[in-house]
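Undergrad: need a structure here:
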Amino acid sequence: SLVTLMLAANAGGRLSLRADAEISYRRDYFTGSEFSLTWDESHWTTGLLGDTEFPYTSWLSWGGRWYGLAAGRFPSGIGVAGVDSVIMNPQARYYDQLRLHVGDERFRLLWLLGTSSPQLSPQEAEIQWKRDADGTSFWDKRADHDYSAGSESIKLFAYHLIEWRALDSLRVGLAELAVMGGASPGLNFILPGLVWHNTYAAGYSNVTMAAIASWVPFAGFLVSAQFLMDDITSPDESAAADKPGAYAWHASASWSPRIDGDKLLVLAFEYNHADRWTYVRLQPYLSMYQRNILPGGFRGIDTPLGSPYGPDSDQLGLSARYRAGRGLTLSASVEYVRKGPIRMGMIEESGGEFFPVYFDLDSYIPDRLGEILSRPDEHRFITDLSVDAAISQSLFARLRLSWGLYRNYGNQAAVNEYLVLVYAGVGWVLE
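TA: Residues are numbered from 1 along each chain as shown. Sure, this is the predicted structure:
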C-alpha cells in the first residue's frame, strides 16, 4: 500500500468496526509484463487507482468475556502467535471469513467459515468437472457413489478447534480443516459441533485433522507443536492403488528473558514439514489453497491454507526481536526452506487432455511422475531486518530490508535467483 487510511470505532466495549481505505499499486502490474517505471497516465489510472482488492482489512465484530463473533476480511491463524502453522497459514494476507469463538480460561471452541474464489482456468475446469458417461466422478471411481449430475461453482473452507487448558502451563487441542467445492454444502459440512471426518462426499469434500499443544515449562519459555493428518493408508487399502499417507508437523520454541524496565527480548526457533502429497487433491476445488482474483480477472494468487510453503517442503527459522522501550523495536530473522517439485494445483497435458499431478499420474501419463520427481529441490535462504520507531506520540516509521537467495529456482537445476526488498513507511495516528 502507498497510502492507507483506517477508520475504527467501538461501542460499549462489545461492538467494533474497522474499514481501511487504501491506495495501492496492482500486484499483477508488478508481476506481469505491463509494469513500467515511466508511470504514464494509463498506469496511474489502471495500475495505481484501479486496485479493487482493497480493503485488505475490514470487519464488524461483537464480543464479550467468553464469546466473540467477527465477519470480514482479515488475517487468521491457529497456533502460537508469531510463528507459522501447518493447520492455518498465518502468512495469508487475509481470509474472507465468518469467525466465532466461545469459552473461558479452561475451554475454548473456535469455528471459522471462509470462501475462496471459484474461478478456474480452462485446464482446471476440464479437470474439476470431468465425469464418466454414467455421471460419476472421473477421478475417484472407487469411492464415488454419487450419480447426481448437477455442479456448482463454489469453494468454501471451514475450521474448528477445541482447546483445553489442562494446566495453567499446558494447552492442548484438536482441529479440523474441511475444504468443500463443486456443491452447496449441507449443514453437516460446517456445523461447529460435528466431527467433519465423519462427513464424506466424493469429489466435493476434503478434510484434515490435527492435534496441537503448547507448554510453558518455566516463566519466559514457550514450546509448541502441531501434527496434521491429511491421509492415512488403512489396513484394507492398497498402497499402490489408494491415496498414500500424507502428514505435516510443526515445532517451535521461544525464550523471553527478564529485562529491566519495559524492554523486551524474544528469541525464537521453528521448524515446519509437509509431506509430498499433503494438502493435494485431484480436483482444483479440493486442493487446500484459497484463490484471490486480481483486478481484471485474468490472474489470481493462490495462498496455501495450511503450511505457508505448501506440500513437499521443510522450513527452518531463527529470529530475534528487541524492544527498547515503547519507542523502538528491532527485529532480525534467518530462514531456510527446502521446496520440492510438488505444488498444489499442478497440471500436466497429454494427447490434448489435462491431468492433475498426484500420486497416480503415471496411470494417465506413463513415466511422467518420475520425471517430475527427479527435478532438484529448490533451496531458499532468506534474511530479514526491520526497524520500527516512534517519532512522536502520533507519528511512527518503519524500515524493512529483505534479501533472499534461491538455488535451483523453480526446481530447475543450476538456476539461481536473488530477491532484494526495501520497504519504508511513515504512519500517523489520529485519535
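
Undergrad: where in the stretch 151-300 of the chain is pLDDT low?
TA: Residues of the stretch 151-300 of the chain meeting the criterion pLDDT under 70: 237-241, 296.

Undergrad: in it, which spans are strands?
TA: Taking DSSP state E, counting those that start in this stretch as the test, the strands found in the stretch 151-300 of the chain are 155-167, 170-181, 205-218, 221-231, 246-255, 264-274, 289-293, 300-304.

Undergrad: which strands and helices sit next to the last one?
TA: Strand 300-304 makes packing contacts with strand 289-293 when contacts are defined by 3 or more CB pairs under 8 Å, 6 or more residues apart in numbering; DSSP states H and E. (Each C-beta comes from the backbone N, C-alpha and C, glycine too.)

Undergrad: so what are the sheet partners of the strand it packs on and their directions?
TA: strand 300-304 (antiparallel) (DSSP bridges).

Undergrad: residues touching the helix or strand just after the strand it pairs with, excluding its own?
TA: Per DSSP states H and E, strand 300-304 leads on to strand 313-323 as the next helix or strand towards the C-terminus. Applying CB atoms under 8 Å, 6 or more residues apart in numbering, the contact partners of strand 313-323 are 84, 262-274, 307-309, 329-340.

Undergrad: as a markdown table, the strands of the stretch 151-300 of the chain with distance to R323 and mean neighbour count would be great.
TA: Formatted as a markdown table, the strands of the stretch 151-300 of the chain follow (distance: least, CB to CB, whole Å; neighbours: other CB atoms under 10 Å):
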| stretch | distance to R323 | mean neighbour count |
| --- | --- | --- |
| strand 155-167 | 27 | 19 |
| strand 170-181 | 25 | 21 |
| strand 205-218 | 20 | 18 |
| strand 221-231 | 17 | 20 |
| strand 246-255 | 14 | 20 |
| strand 264-274 | 4 | 19 |
| strand 289-293 | 33 | 21 |
| strand 300-304 | 30 | 18 |
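
Undergrad: dihedrals phi and psi, the most far-flung residue of the chain relative to its centre?
TA: Here the chain reaches farthest from its C-alpha mean at D260, the gap being 37.3 Å by CA atoms, centre = their mean. Here is the backbone geometry of D260 (degrees, to the nearest 10): phi -60, psi 150.

Undergrad: ok, it to A219 distance?
TA: Distance of D260 to A219, computed by CB to CB, to the nearest Å: 16 Å.

Undergrad: same question for A166.
TA: 19 Å.

Undergrad: next, count neighbours for Q283.
TA: Per other CB atoms under 10 Å, the neighbour tally for Q283 reads 23.

Undergrad: ok, it touching G182?
TA: Yes - using CB atoms under 8 Å, Q283 is in contact with G182, at 6.9 Å.

Undergrad: what is in contact with the two at once?
TA: By CB under 8 Å, 6+ apart, the residues touching both Q283 and G182 are Q128, G203.

Undergrad: who are the packing partners of the host helix or strand of I372?
TA: Using DSSP H and E, I372 sits within helix 368-373. The contact analysis (3+ CB pairs under 8 Å, 6+ apart) places helix 368-373 against strand 347-350.

Undergrad: show me which residues of the strand it packs on are buried.
TA: Neighbour-count burial for strand 347-350 flags E348 (criterion: 16 or more other CB atoms under 10 Å).

Undergrad: and it, what other elements does it pack with?
TA: By 3+ CB pairs under 8 Å, 6+ apart, strand 347-350 packs against helix 122-128, strand 353-356, helix 368-373.

Undergrad: got TSV for those, with mean pLDDT, distance to R323 and mean neighbour count too?
TA: Below are the helices and strands packed on strand 347-350 laid out as TSV (pLDDT from 0 to 100; distance: least, CB to CB, whole Å; neighbours: other CB atoms under 10 Å):
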stretch	mean pLDDT	distance to R323	mean neighbour count
helix 122-128	90	46	16
strand 353-356	95	47	20
helix 368-373	96	45	14
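
Undergrad: could you dump the ones you listed into CSV and include distance to N206?
TA: Formatted as CSV, the helices and strands packed on strand 347-350 follow (distance: least, CB to CB, whole Å):
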stretch, distance to N206
helix 122-128, 13
strand 353-356, 13
helix 368-373, 21
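
Undergrad: coming back round to it: out of the strands of the stretch 151-300 of the chain, which comes closest to T4?
TA: Closest approach to T4 among those is made by strand 289-293 (18.2 Å; CB to CB).
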